[in-house]
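Visitor: Below is the sequence, then the predicted model.
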There are 2 protein chains.
Amino acid sequence: MPRWEQGSGERLRAAALELFREQGFEDTSVVEIARRARVTNRTFFRYFPDKREVLFADADDLRAALVQEILRGPEITDPLGVVVRVLARHDWEGLAPRGALRERRAVIAANPELLERDLVKQHAMASAFVEALVRRGVDEGVAPVAARVGIQLFLTAYERWLDAAGGEEDLVALTDDLLATLGTLALTGPARVAPDAR
Amino acid sequence: MPRWEQGSGERLRAAALELFREQGFEDTSVVEIARRARVTNRTFFRYFPDKREVLFADADDLRAALVQEILRGPEITDPLGVVVRVLARHDWEGLAPRGALRERRAVIAANPELLERDLVKQHAMASAFVEALVRRGVDEGVAPVAARVGIQLFLTAYERWLDAAGGEEDLVALTDDLLATLGTLALTGPARVAPDAR
């Protein structure tokens, strides 16, 4: 994992994840993370304001990058597909190896404070996507549905991707499967076939 | 609003909402809420562990009630429709008048700590719905999509319902509109028409 070992920031992330997994998020201190990463406390605070942000420091950059993809892409005729594909095609393993992403998820799931933070980041992502879609001419009534549903579909696919034992599953293929599932779900309901029957 | 005035619990809720709106959540104390509701501090703590829970005390009961609806209903052939309709048909104005629900939303949106709590409750709702759908025989690959997408559709409709100026909009009709929007979105993408073209 050469990329993971590059600099102090990467070493701090890896050390924090290890410690959070070994002894829990609550019981891990900044001092311990810095020691494990072989840097000073001062170096820690040059990279991150606190231990929670070690897990979320990339979220704002990520959101900005994905919004740029929506704003720069070709004309949007399929807003749900655009949301899902912008997320699925992102180079997640460029952030960290899949094993580390899986560890990160386990740490977040085990701590209510981290789960809250993760959900807030997802919420901010949805709001930013709605705005970007509307700027690209998507109807204001349609954009929130496309953004919110697209993000949920992606998150469901992302979980399966992390769970894939051999690591061979393709995230784009997984999200396309879920888009197909959604198509079936959205059209098979009696309310959609015969609105008066409800 | 006779129901709102019934007991100390209702008066505490109304007083808390008023104060949160007037002076902000952060700057409102339990002592002020109790005073405005004309009850003792001790009475406050008989109803709520802290001021944040005034806004969320019903969430667990609500989740349990909605899960029961899913478990007790007829055979599930339309899981997305079931999720959306269980939510849309709930008697939200039985919890509080629509004006108070709107105030509650404004208070939550204005405070990051409350927004986090609200998102955690939504997340718990989705997990409980997935489990209930699977218990009712819905495929394990389909249930997360139905639960998560259904909740997002409902939340989008609920916001419109709260925003409806005259208060005349019907929540079930609004969610059916969004189901129709989703049906269009889910089927118009090029990926779904011609998978090989992506």
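Guide: Ah, there it is. As the structure is a computational prediction, the values presented were derived from the model and not from experiment.
Visitor: what residues are up against the nearest residue to A:Leu133 once chain neighbours are set aside?
Guide: Distances taken as CB to CB, 6 or more residues apart in numbering or on different chains put A:Ala143 closest to A:Leu133, at 4.0 Å, once the chain neighbours are dropped. In this view, the C-beta of every residue, glycine as well, is placed from N, C-alpha and C. Residues near A:Ala143 by CB atoms under 8 Å, 6 or more residues apart in numbering or on different chains: A:Pro79, A:Phe129, A:Val130, A:Leu133, A:Val134.
Visitor: Closest one to chain B out of those, please.
Guide: A:Pro79 (6.7 Å; CB to the nearest CB).
Visitor: and A:Arg89, what are its phi and psi?
Guide: Phi and psi for A:Arg89, reported as degrees, to the nearest 10, are phi -90, psi -10.
Visitor: Check it and give its pLDDT.
Guide: A:Arg89 is assigned 95 on the pLDDT scale.
Visitor: now A:Gly99
Guide: pLDDT recorded at A:Gly99 is 87.
Visitor: what helix or strand does A:Ala124 sit in?
Guide: For A:Ala124, the host element (DSSP states H and E) is helix A:112-135.
Visitor: Need the contact partners of that helix.
Guide: By CB under 8 Å, 6+ apart, the surrounding residues in contact with helix A:112-135 are A:25, A:52, A:55-56, A:59, A:63, A:66-67, A:70-71, A:76, A:79, A:82-83, A:107-109, A:140, A:142-144, A:146-148, A:150-151, A:155, B:112, B:115-117, B:119-120, B:122-123.
Visitor: C-alpha coordinates for it, CSV please?
Guide: Provided in CSV are the C-alpha atoms of helix A:112-135 (Å, rounded to 0.1, in the frame of the first residue of the first chain):
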residue,chain,number,x,y,z
PRO,A,112,-23.1,6.8,17.8
GLU,A,113,-21.2,10.1,17.6
LEU,A,114,-19.4,9.0,14.5
LEU,A,115,-22.6,7.7,12.9
GLU,A,116,-24.2,11.1,13.5
ARG,A,117,-21.3,12.8,11.8
ASP,A,118,-21.5,10.4,8.9
LEU,A,119,-25.2,11.0,8.4
VAL,A,120,-24.7,14.7,8.5
LYS,A,121,-22.1,14.4,5.7
GLN,A,122,-24.6,12.4,3.6
HIS,A,123,-27.3,15.0,4.2
ALA,A,124,-24.9,17.8,3.1
MET,A,125,-24.1,15.7,0.0
ALA,A,126,-27.8,15.4,-0.9
SER,A,127,-28.4,19.2,-0.4
ALA,A,128,-25.3,20.0,-2.6
PHE,A,129,-26.5,17.5,-5.3
VAL,A,130,-30.0,19.0,-5.4
GLU,A,131,-28.5,22.5,-5.9
ALA,A,132,-26.2,21.2,-8.6
LEU,A,133,-28.9,19.4,-10.5
VAL,A,134,-31.2,22.5,-10.4
ARG,A,135,-28.3,24.6,-11.7
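Visitor: Can you list the buried residues in that helix?
Guide: In terms of neighbour count (16 or more other CB atoms under 10 Å in any protein chain shown), helix A:112-135 has its buried residues at A:114-123, A:125-126, A:128-130, A:132-134.
Visitor: got the buried residues for the helix or strand hosting A:Ala173?
Guide: Using DSSP H and E, A:Ala173 sits within helix A:171-188. Neighbour-count burial for helix A:171-188, counted by 16+ other CB under 10 Å, picks out A:171-172, A:174-176, A:178-179, A:181-183, A:185-187.
Visitor: export those to a markdown table and tack on distance to A:Phe44?
Guide: Shown next, in a markdown table, are those (distance: CB to CB, whole Å):
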| residue | distance to A:Phe44 |
| --- | --- |
| A:Leu171 | 32 |
| A:Val172 | 36 |
| A:Leu174 | 36 |
| A:Thr175 | 36 |
| A:Asp176 | 41 |
| A:Leu178 | 39 |
| A:Leu179 | 42 |
| A:Thr181 | 43 |
| A:Leu182 | 43 |
| A:Gly183 | 47 |
| A:Leu185 | 46 |
| A:Ala186 | 47 |
| A:Leu187 | 52 |
